[in-house]
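Generate a structure from the sequence data that follows.
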Amino acid sequence: MQFPSPLIPARLIRRWNRFLSEAELADGTIVRAHCPNPGAMLGLAEPGMRIWLEPNDDPKRKLKYGWRLVELPGGHMAGIDTAVPNRVVGEALRARGIPELAAYTTVRPEVKYGAKSRVDFLLTEPSLPDVYVEVKNVHLRRDEDWAEFPDCVTARGARHLQELGDMVAQGHRAVMLYLIQRDDCARFRLARDLDPAYGAAFDLAAERGVEALAYGTVITTDGVTLGRAMPLSP
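Residues are numbered from 1 along each chain as shown. Purely as a prediction, here's the structure:
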């Protein structure tokens, strides 16, 4: 996945709320930027951090910048846009770049399922069970090289696990894919202390046959692509 416009560096002044931030450009100009992330963003929204913004000239948009990346110690990067993982995974699925799902050639995004939900991807292939794939954005790191999810309470995420379990009960496959949108992690686990209910929902889903995968990413100021599979410790 390539960014449509070249990114420009800035210094974060503050994150006003879930969707609005303020930053200083290299020439000293203060701008407001859309923050495409409703989560807690623990450790990724500290004033003074070097961030990367994507400018736009769309007259329909109120804000002319979108926040995309955060620079981390050691030259590492983290992506904060929660829409990016679906684009990255979608490209990888169509290129058959995820070994666990490479047998499927038909990839359909945003298909209705469950009560009132849409699954991120539905994979189909003659003679194989359909696969329902949900993708979660991961960018929390608190300890060693562990990536963790979630970074705050997510009732919606727990509901998705239940709905995936329902698909397995109907004879399909179901996969929860955690995409780690930062490049300083080497393994993945649940942040059970931040949302015990999500941890319980994960355990129940696993018992029902829902599969879990964790993949890293390769992040540059040009774009974000799928990285290597990572060990998952629920």
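
So the chain: which segments form each domain?
8-79, 84-233 (automatic domain parsing).

Let's have the ones you listed in a markdown table, adding distance to Gln2.
No exception for glycine: its C-beta is placed from N, CA and C like everyone else's. Shown next, in a markdown table, are these (distance: least, Cβ to Cβ, whole Å):
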| stretch | distance to Gln2 |
| --- | --- |
| domain 8-79 | 11 |
| domain 84-233 | 4 |
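
closest one to Met1 among those domains?
Of all the domains of the chain, it is domain 84-233 that lies closest to Met1, at 4.5 Å by Cβ to Cβ.

got the end-to-end distance for the closest one?
24 Å (Cα to Cα, to the nearest Å).

Repeat that for stretch 219-230.
This stretch, stretch 219-230, spans 16 Å end to end (Cα to Cα).

secondary structure element for Leu204?
Using DSSP states H and E, Leu204 maps to helix 196-208.

Glu91 now?
helix 84-94.

residues of that helix that come out buried?
For helix 84-94, burial by neighbour count (16 or more other Cβ atoms under 10 Å) applies to Val84, Pro85, Asn86, Arg87, Val88, Val89, Gly90, Glu91, Ala92, Leu93.

any idea of the pLDDT on the third one?
Same thing as Asn86. According to the predicted model, the pLDDT of Asn86 comes to 97.

Would you check that it makes contact with Arg118?
No - Asn86 is beyond contact range of Arg118, at 11.1 Å (criterion: Cβ atoms under 8 Å).

quick one on the thing from earlier: going by contacts, tell me the helices and strands next to the helix holding Glu91.
In terms of contacts (3 or more Cβ pairs under 8 Å, 6 or more residues apart in numbering; DSSP states H and E), helix 84-94 is packed against strand 106-113, strand 117-124, strand 131-138, strand 173-180, strand 224-229.

ok, longest helix in the chain?
Identified as the longest helix of the chain according to DSSP state H is helix 155-169.

Okay, angle between that one and strand 117-124 too, please.
Counting by axes from the mean of the first three to the mean of the last three Cα atoms, to 10 degrees, helix 155-169 lies at 40 degrees to strand 117-124.

what's the distance between helix 155-169 and the middle of its chain?
Centroid separation between helix 155-169 and its chain, computed with Cα atoms, centre = their mean, to the nearest Å, is 18 Å.

tell me the angle of that helix relative to strand 106-113?
Going by the same axes, to 10 degrees, helix 155-169 makes 110 degrees with strand 106-113.

Show me what helix 155-169 is packed up against.
Packing contacts for helix 155-169, counted by 3+ Cβ pairs under 8 Å, 6+ apart, involve strand 117-124, strand 131-138, strand 173-180, helix 196-208.

now that helix: mean pLDDT?
95.

most neighbours per residue, which of the domains of the chain?
domain 84-233 (a mean of 18; mean count of other Cβ atoms under 10 Å).

Please render the helices and strands packed on helix 155-169 as a markdown table that adds distance to Thr154 and mean pLDDT to the earlier fields.
Shown next, in a markdown table, are the helices and strands packed on helix 155-169 (distance: least, Cβ to Cβ, whole Å; pLDDT from 0 to 100):
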| stretch | distance to Thr154 | mean pLDDT |
| --- | --- | --- |
| strand 117-124 | 14 | 96 |
| strand 131-138 | 9 | 97 |
| strand 173-180 | 12 | 98 |
| helix 196-208 | 6 | 98 |
